[in-house]
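Engineer: sequence first, then the predicted structure:
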Amino acid sequence: MQRLTGAQILCESLIKEGVDTIFGMPGGAIIPLYDTLFQYPFRHILCRHEQG
């Protein structure tokens with residue numbers, strides 16, 4: 001059985017829920033998630049500011 005990372009588990013769960021678009025802002029601690037996101041068919045919307 002293959003071990004999945006937390007980022008892979010999150011992406012698989014989002015796919016099962018029918019999510020196709022993700023909003024976010026890469027940086028710091030979330031970089032491993034963003035590295036994994038590019039392996040999945042999500043559309044990413046880059047936010048320009050943390051509050052926006």
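Structural biologist: Received, thanks. Numbers count the residues shown, from 1 in each chain.
Engineer: tell me where this protein has helices.
Structural biologist: 6-16, 31-37 (DSSP state H).
Engineer: just the buried residues of the first one, please?
Structural biologist: Of the residues in helix 6-16, 7, 11, 14 count as buried by neighbour count, 16 or more other C-beta atoms under 10 Å. Yep, even glycine has a C-beta here, placed from its N, CA and C like the rest.
Engineer: any idea how far residue 27 is from residue 41?
Structural biologist: 23 Å (C-beta to C-beta, to the nearest Å).
Engineer: from residue 9, how far out is residue 25?
Structural biologist: Residue 25 is 21 Å from residue 9, by C-beta to C-beta.
Engineer: show residues contacting stretch 2-11.
Structural biologist: 12, 32, 33, 35, 36, 37, 39, 40, 42 (C-beta atoms under 8 Å, 6 or more residues apart in numbering).
Engineer: just the buried subset of the residues you listed, please.
Structural biologist: For the contacts of stretch 2-11, buried by 16+ other C-beta under 10 Å: 33, 36, 37, 40.
Engineer: which pair of those residues spans the longest distance?
Structural biologist: Maximum pairwise distance in the buried ones among the contacts of stretch 2-11, criterion C-beta to C-beta, is 10.8 Å, between 33 and 40.
Engineer: re the thing from before, I'd like the helices of the chain as TSV, with distance to residue 46 and mean pLDDT appended.
Structural biologist: Listed next are those as TSV, based on distance: least, C-beta to C-beta, whole Å; pLDDT from 0 to 100:
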stretch	distance to residue 46	mean pLDDT
helix 6-16	17	96
helix 31-37	11	93
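Engineer: show the contacting residues for the most centrally placed residue in the chain.
Structural biologist: The residue lying closest to the centre of the chain (C-alpha atoms, centre = their mean) is residue 37, at 4.4 Å. By C-beta under 8 Å, 6+ apart, the contact list for residue 37 reads 7, 11, 22, 44.
Engineer: need the residues you listed in TSV with distance to residue 1, can you?
Structural biologist: Putting these into TSV (distance: C-beta to C-beta, whole Å) gives the following:
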residue	distance to residue 1
7	18
11	18
22	27
44	29
